[in-house]
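> Fold the following, please.
(one chain, ligands or ions: 1)
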Amino acid sequence: RIAYVNGQYVRHSEAAVHIEDRGFQFADGVYEVCEVREGLIVDLTRHLNRLDRSLSELRMTQPMSRAALTLVIREVLRRNRVRNGIFYMQVTRGAAKRDHFFPPEGTAPTITITAKSTDPSLLAKKYATGIKVITLLENRWDRVDIKTVGLLPNVLAKQQARDAGAHDAIFVTRDGMVLEGASANAWIVTPDGKLVTRPAEHGILKGITRTTAIDVAAKLGLVFVEREFSVDEMHGAREAFMTSATGICVPVVEVDGKPVANGHPGTVSGNIRDTFFAIAE
Ligand code: PDD
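Here you go, the predicted model:
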């Protein structure tokens, strides 16, 4: 495997950044994960737009032009022979003597890109059986709209889910409203067939897959409503599912040990998945 690190293609096993990198010391960095399907990078433009936004919200400099970045991404995919898989791209505020203040003017950002092939049969299994989730009280900071590498609450939430025999955790507010998963956005289909997901203005990451799924819903003629929903509503829903670049659209069949509908994946999430790749570009 080959990785890209600050201008160079290096063996993945030897790829490294400095121990005083701010990503390492302060989680002072941002990232993107994109899916690659049949050689096509799914929603690349939307991912690059969000990367720009994350960088600018944190007052970080662009590591390179969009055109150059796109070339490097394609080269990393090519060198790793990825036709179906994901790539991971991370930008930090660079390496400098540890100090909370921004590093000296001219400190170069650190950019790393890795790519790997994924096994489609693993996802297919998730689609066929659906996943179990647990709910957890939100304990993240207020700027989860920025895709930062500061993911400790997400890491702990995921592990707590695994320890409880579930696959994922959903963060909820004190009054029982669903925010989002530890690495995916949450959706339901109401008993009367409306597709619902939470508005992305506050409290969640505006998922790229979420945005494209909204386009897909329109294409399928589904009634879509962007509004908050509760954990109780999720229990009583006709379907529930999660969207992310890594899973696209994964059915949720159990929440906190209680089945969603009949405990089997629904048809709407399947339809969205099937149409998704025709629309994503
Ligand atoms: N996570 N919410 C959170 C907290 C996420 O970390 C992610 C993505 C999403 C979905 O966003 P998108 O549709 O753009 O992937 C929502 C990536 C996949 C990860 O951390 O691996």
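
> Could you report the separation of the residue lying closest to residue 202 once chain neighbours are set aside from residue 209?
Nearest-residue entry for residue 202: residue 145, 7.4 Å, with adjacent residues in sequence omitted and distances by CB to CB, 6 or more residues apart in numbering. Placement of C-beta: from N, CA and C, glycine included. Here the criterion is CB to CB, to the nearest Å. By it, residue 145 lies 16 Å from residue 209.

> List the contacts of stretch 253-273.
By CB atoms under 8 Å, 6 or more residues apart in numbering, the residues outside stretch 253-273 that reach it are 127-135, 166, 170, 187, 189, 195, 213, 216-217, 220, 222, 231, 234-235, 237-241, 248-252.

> do you know how far residue 74 is from the ligand?
For residue 74, the distance to the ligand equals 20 Å [CB to the nearest ligand atom, to the nearest Å].

> ok so, going back, ok, the residue nearest to residue 202 touching residue 207?
No. Using CB atoms under 8 Å, residue 145 makes no contact with residue 207, being 10.7 Å away.

> circling back to that earlier point, so how many other residues sit close to the residue nearest to residue 202?
Around residue 145 there are 17 other residues, counting by other CB atoms under 10 Å.

> And for the one 10 residues further on?
Neighbour count of residue 155, defined by other CB under 10 Å: 11.

> Chain neighbours aside, what residue packs nearest to it?
Residue nearest to residue 155 in three dimensions, not counting chain neighbours: residue 182, with 7.9 Å by CB to CB, 6+ apart.

> list the contacts for residue 178?
135, 170, 172, 186, 198, 228, 229, 230, 231, 233, 234.

> Among those, the buried ones, what's the ChimeraX command?
With 16 or more other CB atoms under 10 Å as the criterion, this ChimeraX line picks the buried residues out of these:
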select :135,170,172,186,198,229,231,233,234
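
> so of the contacts of residue 178, which ones are in helices?
231, 233, 234 (DSSP state H).

> For the ligand, state which of these is nearest.
For those, the minimum distance to the ligand (CB to the nearest ligand atom) is 16.4 Å, reached by residue 234.

> Tell me if I'm right that the closest one and residue 242 touch.
No. The pair residue 234 / residue 242 is not scored as a contact, 11.2 Å apart, by CB under 8 Å.
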